[in-house]
Structures are given as structure tokens and as C-alpha cells.
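# Give the three-dimensional model of this entry:
(one chain, ligands or ions: 1)
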Amino acid sequence: MARETISNPTPYMPADLAELAPDGVTQPYWDHCNQGELRIQRCKACGTFRHPPLPGCPDCGARDDEWVRSEGKGRVFSFSGVYHPVLPNVAEYVPYNVVLVQLADAGGVRIISNLLGVALGDIEIGMPVELVWERVSPDVNLPRFRPAGG
Ligand SMILES: [Zn+2]
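Below is the predicted model:
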């Protein structure tokens, strides 16, 4: 069954904000994102998910891992509102939110992102959310979220 790819036409943040500097450990994560797949690293020895990517398992020390696809559904674990533009190029974007989403299918892994399509004052802890892809350049496709069912 083909999976729906959701794309957001208007970047939530300035496109030039997301200059990635992947290394050998994080490159697979961003490669999967660029292909429109949210994949989370999982230890092949003990099955523990981890994010952000690490060279070894913090639970058992094994270095063999695999990249498991997430459906991108989860809940807001925590969030914050940013009102002061620390960087000049985000001055026109405040206030914006930063959310910590706990994925439903990745062993409790949490991912930092932004929640689209909802006013800052309407975000609630526990709110169900789903993945939205935001392509900001040919090489950068960012996982963002929106309220589930939106
Ligand atoms: Zn492990």
C-alpha cells in the first residue's frame, strides 16, 4: 500500500536556517528524510530505538543498528513558544513553536520539530499529531508535524 506523502508548501521557518552538517552517524537519517521517510535508528542487538542517531547503543553498547520506518504519528510531549528572535533571519517568524513529539511506533523516542497549522496558544501536551514533510531545498526535507486528522 502506498503511503501518503504530505507536503507543506510554505516553509515554517526560513529555508536557509536548515543547513545540515551530517556526519557518518546522522547521514542515513537525513538521507531517509530526503526520500520522504522518517526512519529511526534501532539497535539490532537489543531492539532499543534511539534518536538523535548515535554510533552505538546507550543501553547495551552494540554498534550494529538498523533504520526502522515510523508512520510519524505521535503526541506532543512538551512544547515551547519562541517570542524573541535570537537570529536576525527569524525576526519575521516569531512567535513560533518548538515541539517535542513522542512517536507512537518508535519505542518512546522523541523528536524535536515544529507544529504547523495551529496557533501557539492552542497547542496542548498530549495533543495527537502526524508527520508533515517540509522540503526547504533539493537536499533538505524536514520532518514537521500537524494536529492529527487536520
Ligand atoms: Zn542495544
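# Up against the ion, what does this structure have?
C43, A45, C46, T48, C57, D59, C60, A62 (CB under 5 Å from the ion). C-betas here are computed from N, CA, C, even on glycine.
# with those residues in mind, which one is nearest to V118?
For the residues of the chain next to the ion, the closest approach to V118 (CB to CB) belongs to T48, at 31.6 Å.
# Ramachandran angles for that closest one?
When read as degrees, to the nearest 10, the backbone of T48 gives phi -80, psi 130.
# who's in contact with it?
By CB atoms under 8 Å, 6 or more residues apart in numbering, T48 lies in contact with R42, C57, P58, D59, C60, G107.
# any chance of those in TSV, plus secondary structure?
Formatted as TSV, the contacts of T48 follow (DSSP: H, G, I helix; E, B strand; the rest coil):
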residue	secondary structure
R42	strand
C57	coil
P58	coil
D59	coil
C60	coil
G107	coil
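# Can you go through those and name the buried ones?
R42, C57 (16 or more other CB atoms under 10 Å).
# Tell me which two of the contacts of T48 sit farthest apart.
Applying CB to CB across the contacts of T48, the maximum distance is between C60 and G107, 13.6 Å.
# re earlier: reformat the residues of the chain next to the ion into a markdown table and put pLDDT and distance to V136 next to each item.
Shown next, in a markdown table, are the residues of the chain next to the ion (pLDDT from 0 to 100; distance: CB to CB, whole Å):
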| residue | pLDDT | distance to V136 |
| --- | --- | --- |
| C43 | 98 | 31 |
| A45 | 98 | 35 |
| C46 | 98 | 35 |
| T48 | 98 | 31 |
| C57 | 98 | 31 |
| D59 | 97 | 34 |
| C60 | 98 | 36 |
| A62 | 98 | 34 |
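# I am finished for the moment; much appreciated.
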